[in-house]
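Asker: Dropping a prediction and its sequence here:
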Amino acid sequence: MTHKKQHSLLNRGDEACQVLKEHLEKGSIIRIISHNDADGISAAGVAANTISQEDGQYHISIVPRLRDSFIQKLTKERYQLFFFCDMGSAYLDSISRIKGDIIIADHHQPMKFETKENITHVNPHLFGVDGSKEVSASGVTYLTVRGMEKQSLIPMALAGAFGDMQYYDGFLGINKIILDEGLEYGSVEMHKDLKIASKNEEPLYKSLAYSFSPILPGLSGDLEASMAFLEKLGVSYGVKFSDLGPEERDILKDELVRINPEIFSDVYSNPKEKPTLRDIEDYSRILDACGKNKKYGLGLGICLGEKSDALDVALDLQRKYRQNLVNGLSWIKREGSNVMENIQYLYAEEKARKSVMGTIASISLSMETLDPELPILAFSRMDNLVKVSSRTTRNMVEKGVDLGQALKDASSSFGGTGGGHDIAAGAMVSFKEMDNFLNLVDEIVGYQLAQ
Ligand SMILES: [Mn+2]
């Protein structure tokens, strides 16, 4: 059954591939529209690299969300093929007004809509495949170019899956199929090692403090604690992990496994990349930092292998971003959250803190700095509006929590917009309605848990 569902999705990907090929043969300039996170940037990278390798041309826009005004603008553009990645499935009706052929490579819940002939819609949910766990947009986009033998782009397809948190100490479903294809072709290598961040780039104590997947309780997010931990072990904290001798590596491994056994596990790499970008999770984190800093072109430049100083600029951004994370996490440790009956929330107005709200909220849940039993809403003030990022745990989803539904219903009751996945969702509501919105979400989550 699973096999059949996956097969239908792969077939739809091949149909999209045919459309893409026809346009490449005709010399159409392809209009790519993608999302601004690590998954969306990787997806755009998979599409753009394919088009360049086939000597085609493209024009890309990376956007935070599909606004009606933007779709309106697209309807006036004269491209012959529009290629939406990581978005579009929820906007089929407005997208259908665009003239030209359309490929949608998305993994979000699609709206019910009778698809028009000019739209090739590739989305796991259409075939009963779980798009929140088994494939991300970069993977779906890879399925649309797979018919052109693009195995060299598999590391990028997996980077998006890491970015969308689809790694569960292993990949599932379509992600696993894509991984196996990469391993077989040799574009992905896998070995057992410590899964700590930026091993080829940062001094060891920073590598530990910046490791959040998996979490190292007591060390993740805490530079001083990481330094003290290494000092106590007698391991040099100021050198890169990659420069440690075998003996020091062994000591470190034994101690870290004691903190979290998942820290020693499969590490995936792209043997063709430069050392800093070789680890696919590091790659994904760098794209994430570009996205969070609104430097989409920079992230895309990295995906396109630009020779300029793009990587150095991106690493600088990542350092600043990580500093914000560390500061934000210590703020949560110090101040805690505001606790309601069924949920908890955080609120920020400072720019640096706002840039990391969703991330520090979810890290604090997994480190259990905050009560993991209470779904968290993180509010960032934007003039008259508040942006909400919400997160919960798999355990709570199993108990019935669906944040996508809760935020969609609660925000629409107060003239806002919202939605997303059961485990992570977002919304925008008017600042004046924040308290009402909170009370309603609290009520809805209570209701979901009582079912
Ligand atoms: Mn995505």
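Answerer: Everything's here; your move.
Asker: Going by C-alpha atoms from here, please, whenever you check contacts or count neighbours.
Answerer: OK.
Asker: List phi and psi for Arg285.
Answerer: The phi and psi values for Arg285, taken as degrees, to the nearest 10, are phi -70, psi -30.
Asker: quick one: it from the ion, how far?
Answerer: With distances taken as C-alpha to the ion, to the nearest Å, Arg285 is found 14 Å from the ion.
Asker: Leu24 now?
Answerer: 26 Å.
Asker: Once you drop chain neighbours, what's closest to that residue?
Answerer: By the measure of C-alpha to C-alpha, 6 or more residues apart in numbering, the closest residue to Leu24 outside its immediate chain neighbours is Gly56, 5.9 Å from it.
Asker: Show the contacting residues for that neighbour.
Answerer: If you count contacts by C-alpha atoms under 8 Å, 6 or more residues apart in numbering, Gly56 has them with 24, 27-29.
Asker: Please name the bridge partners of Asn346.
Answerer: If you look again at residue 346, you'll see it is Leu, not Asn. Taking DSSP bridges as the rule, Leu346 bridges to Ala378.
Asker: can you map out the helices along the stretch 301-450 of the chain?
Answerer: Counting by DSSP state H, counting those that start in this stretch, the stretch 301-450 of the chain forms helices over residues 310-335, 351-354, 357-366, 394-398, 403-413, 434-450, given from the N-terminal end onward.
Asker: picking that back up, show the backbone phi and psi for the residue nearest to Leu24.
Answerer: The phi/psi pair for Gly56 (degrees, to the nearest 10) reads phi -100, psi 180.
Asker: now swap in Phe70 and tell me
Answerer: According to degrees, to the nearest 10, the main-chain angles of Phe70 amount to phi -70, psi -40.
Asker: what number of residues lie near it?
Answerer: Around Phe70 there are 11 other residues, counting by other C-alpha atoms under 10 Å.
Asker: before we move on, what about the one 10 residues further on?
Answerer: Residues within reach of Gln80, counting by other C-alpha under 10 Å, total 17.
Asker: Near the ion, which residues of this structure are found?
Answerer: Among all residues of the chain, those adjacent to the ion (criterion: C-alpha under 5 Å from the ion) are 39, 137.
Asker: Domain map for the chain?
Answerer: If you go by automatic domain parsing, the domain ranges for the chain are 2-186, 201-323, 336-450.
Asker: Which stretch among the ones you listed approaches Asp193 most closely?
Answerer: Among these, the nearest to Asp193 by C-alpha to C-alpha is domain 201-323 (5.4 Å).
Asker: So for Val135, which of the helices of the stretch 301-450 of the chain sits nearest?
Answerer: Taking C-alpha to C-alpha as the measure, those were each checked against Val135, and helix 394-398 came out nearest at 17.2 Å.
Asker: other SSEs contacting that closest one?
Answerer: With contacts defined as 3 or more C-alpha pairs under 8 Å, 6 or more residues apart in numbering; DSSP states H and E, there are no secondary structure elements packing on helix 394-398.
Asker: ok, Ile32 touching Ile51?
Answerer: No - contact status for Ile32 versus Ile51: not in contact, 10.5 Å apart, counting by C-alpha atoms under 8 Å.
Asker: Now the two most distant members of the contacts of Gly56.
Answerer: Most distant of these, by C-alpha to C-alpha, are Leu24 and Ile29, 8.0 Å apart.
Asker: Could I get the buried residue list for stretch 154-168?
Answerer: Of the residues in stretch 154-168, those scored as buried under the neighbour-count criterion (16 or more other C-alpha atoms under 10 Å) are 154-164, 166-167.
Asker: Actually, stretch 8-28.
Answerer: The neighbour-count check on stretch 8-28 (16+ other C-alpha under 10 Å) flags 8-21, 23-24, 28 as buried.
Asker: Of the residues you listed, which belong to strands?
Answerer: Using DSSP state E, no member of the buried residues of stretch 8-28 falls in strands.
Asker: Which of the contacts of Gly56 sits closest to Ala352?
Answerer: For the contacts of Gly56, the minimum distance to Ala352 (C-alpha to C-alpha) is 38.6 Å, reached by Ile29.
Asker: OK, contacts around the closest one?
Answerer: Under the criterion of C-alpha under 8 Å, 6+ apart, the contact partners of Ile29 comprise 56-59, 79-81.
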